[in-house]
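Engineer: With the sequence up front, the predicted model follows.
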Amino acid sequence: MVSNAPRDAIDITITGDTTGSVTGSPPNVAIGDLDAIVDLPNPGWSFFFSSWEISDAPDLGTATINGTTGVWTYTVDPAEFDALDDGEIVQDTFEVEISVFAFSPGGQLFVETDTQQITINIEGVCFVMGTLIRAVRGYTPIEELKPGDKVWTRDRGLQHIKWIESSAVRLGRMKRDPALQPVRIGKDALGRGQPRNDIYVSQQHRILVCGPAVELLFGEPEALVCASDLCHWPGVEIVLPDDDIRYYHILLDRHEILDADGVPAESLFLGEEALYQLSSEALQELAAIFDEDVPGPPGAGFGQAARMLLRSYEAQAILKPALIDA
């Protein structure tokens, strides 16, 4: 028979990934890893085992957790995404519980539990109005680009823009929801001329990084990391603008690396979650452009990300590698 542990007999501290993000880029789920530090302060007590479970489900999707390892996975409900306004960014939460079992000196089995809330940010990847994108006619404000224009890509040179969408975010909304606030990458923050001037991107917009640390830790010479995960670097920070802002999505035939005023940054990826964030009108327009009933990854090249994608905790391991010369 298992009894609840006496007060202070089993102390539990939960550590690990307590936040996650779902974006328009793969992977289209959020994954994290939790650990538990267990302390048995009283003499003679011995640890038996521990087990994780979901104690409070999310509202906008489903969550699972490995009962042994503490690795959790969050998947967004497509119907919920389809109901969002164009460009809307939302948060979802769920709760996990750990049960720790231990034997008292007399051999009786006791259990202690603790809970942890996990917060998920659901956001598309986009540039802020005014960002200069390297195009066939030189660096051009993103709001001046249109479908059919050619922009520079790292892997395939000049490529045609298939589609551009924008959405405005009001200042008051950013004050209420910090997840909507952009990341400012200051001039030369990522290296000489990277960027050439301050640029602003959404928190989940991925930036290309490289260097010995990337290859040593992840086995790839280059990787993409979310802009918000670079905020431990000098000159990179989440900011509250002085006024409303407008975010832009730029779509090419494939997931590509663009040049955003000297910074190598990703284009929009047509993964499932990106599609769910778009309005019905936007989906109809994409369907016409791609000549498909439902545009998506089966189109040429969209099954693959342009580079390896690092999770938040992986990106934190990179102190400050050199950026790619864009």
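Structural biologist: Good, I have the coordinates. Remember, it's a predicted structure, so these values are computed and weren't measured experimentally.
Engineer: got any ranges where this protein has weak pLDDT?
Structural biologist: Along the chain, the model assigns pLDDT under 70 to residues 23-28, 78-89, 123-125, 270-303, 319-326.
Engineer: repeat that with 80
Structural biologist: Residues of the chain that meet the criterion pLDDT under 80 lie in 21-29, 77-90, 121-126, 167, 269-304, 316, 318-326.
Engineer: would you list every one of the helices in it?
Structural biologist: Along the chain, counting by DSSP state H, helices occupy 78-82, 171-176, 212-218, 272-276, 280-290, 312-315.
Engineer: In contact with Gln316, which residues?
Structural biologist: By C-beta atoms under 8 Å, 6 or more residues apart in numbering, the contact set of Gln316 is Asp229, His232. The C-beta positions use only the backbone N, C-alpha and C, and glycine is treated the same way.
Engineer: gap between it and Ile207?
Structural biologist: Separation of Gln316 from Ile207 (C-beta to C-beta, to the nearest Å) stands at 14 Å.
Engineer: Look up how far Trp52 lies from Ile14.
Structural biologist: 10 Å.
Engineer: any residues in contact with both of the two?
Structural biologist: Common contacts of Ile14 and Trp52 (C-beta under 8 Å, 6+ apart): Leu34, Ile98.
Engineer: ok, the two, which is more surrounded?
Structural biologist: Neighbours were counted for Ile14 and for Trp52 using other C-beta atoms under 10 Å; Trp52 has more, 21 against 17.
Engineer: so that one makes contact with Leu34?
Structural biologist: Yes. Counting by C-beta atoms under 8 Å, Trp52 touches Leu34, with 7.0 Å between them.
Engineer: list residues touching both of those two?
Structural biologist: Shared contacts of Trp52 and Leu34, counting by C-beta under 8 Å, 6+ apart, come down to Ile65, Gly70, Trp72, Val96, Ile98.
Engineer: List only buried entries from the residues you listed.
Structural biologist: By neighbour count, with 16 or more other C-beta atoms under 10 Å, those hold Ile65, Gly70, Trp72, Val96, Ile98 as buried.
Engineer: for the residues you listed, which one is nearest Leu230?
Structural biologist: Checking those against Leu230 by C-beta to C-beta gives Trp72 as the nearest, at 24.2 Å.
Engineer: Now the closest one. Nearest residue, chain neighbours left out?
Structural biologist: Closest residue in space to Trp72, ignoring its immediate chain neighbours: Ile65 at 4.2 Å, by C-beta to C-beta, 6 or more residues apart in numbering.
Engineer: Show me which positions of stretch 244-253 end up buried.
Structural biologist: By 16+ other C-beta under 10 Å, the buried positions in stretch 244-253 come out as Ile245, Arg246, Tyr247, Tyr248, His249, Ile250, Leu251, Leu252, Asp253.
Engineer: From Val201, how far off is the first one?
Structural biologist: Going back to what we said before, that points to Ile245. Distance, Ile245 to Val201, by C-beta to C-beta: 11 Å.
Engineer: Could you do Lys150 as well?
Structural biologist: Lys150 is 22 Å from Val201, where distance means C-beta to C-beta.
Engineer: likewise Trp72?
Structural biologist: Distance of Trp72 to Val201, given as C-beta to C-beta: 27 Å.
Engineer: repeat for Leu251
Structural biologist: Per C-beta to C-beta, Leu251 is found 16 Å from Val201.
Engineer: same question, Arg176
Structural biologist: As judged by C-beta to C-beta, Arg176 and Val201 stand 21 Å apart.
Engineer: mind checking the end-to-end distance for stretch 154-168?
Structural biologist: Across stretch 154-168, the terminal residues are separated by 29 Å (C-alpha to C-alpha, to the nearest Å).
Engineer: May I see the buried residues of it?
Structural biologist: Neighbour-count burial for stretch 154-168 flags Arg154, Gln159, Ile161, Lys162, Trp163, Ile164, Glu165, Ser166, Ser167 (criterion: 16+ other C-beta under 10 Å).
Engineer: joint contacts of Ile245 and Val201?
Structural biologist: Common contacts of Ile245 and Val201 (C-beta under 8 Å, 6+ apart): Val128, Pro182.
Engineer: Ramachandran angles for the residue nearest to Ala9 when sequence neighbours are not counted?
Structural biologist: Leaving aside its sequence neighbours, Ala9 sits nearest to Asn42 (C-beta to C-beta, 6+ apart; 5.8 Å). The phi/psi pair for Asn42 (degrees, to the nearest 10) reads phi -90, psi 140.
Engineer: circling back to that earlier point, let's have the buried residues of stretch 244-253 in JSON lines, adding distance to Val90.
Structural biologist: Converted to JSON lines, those look like this (distance: C-beta to C-beta, whole Å):
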{"residue": "Ile245", "distance to Val90": "18"}
{"residue": "Arg246", "distance to Val90": "19"}
{"residue": "Tyr247", "distance to Val90": "15"}
{"residue": "Tyr248", "distance to Val90": "20"}
{"residue": "His249", "distance to Val90": "17"}
{"residue": "Ile250", "distance to Val90": "22"}
{"residue": "Leu251", "distance to Val90": "22"}
{"residue": "Leu252", "distance to Val90": "27"}
{"residue": "Asp253", "distance to Val90": "29"}
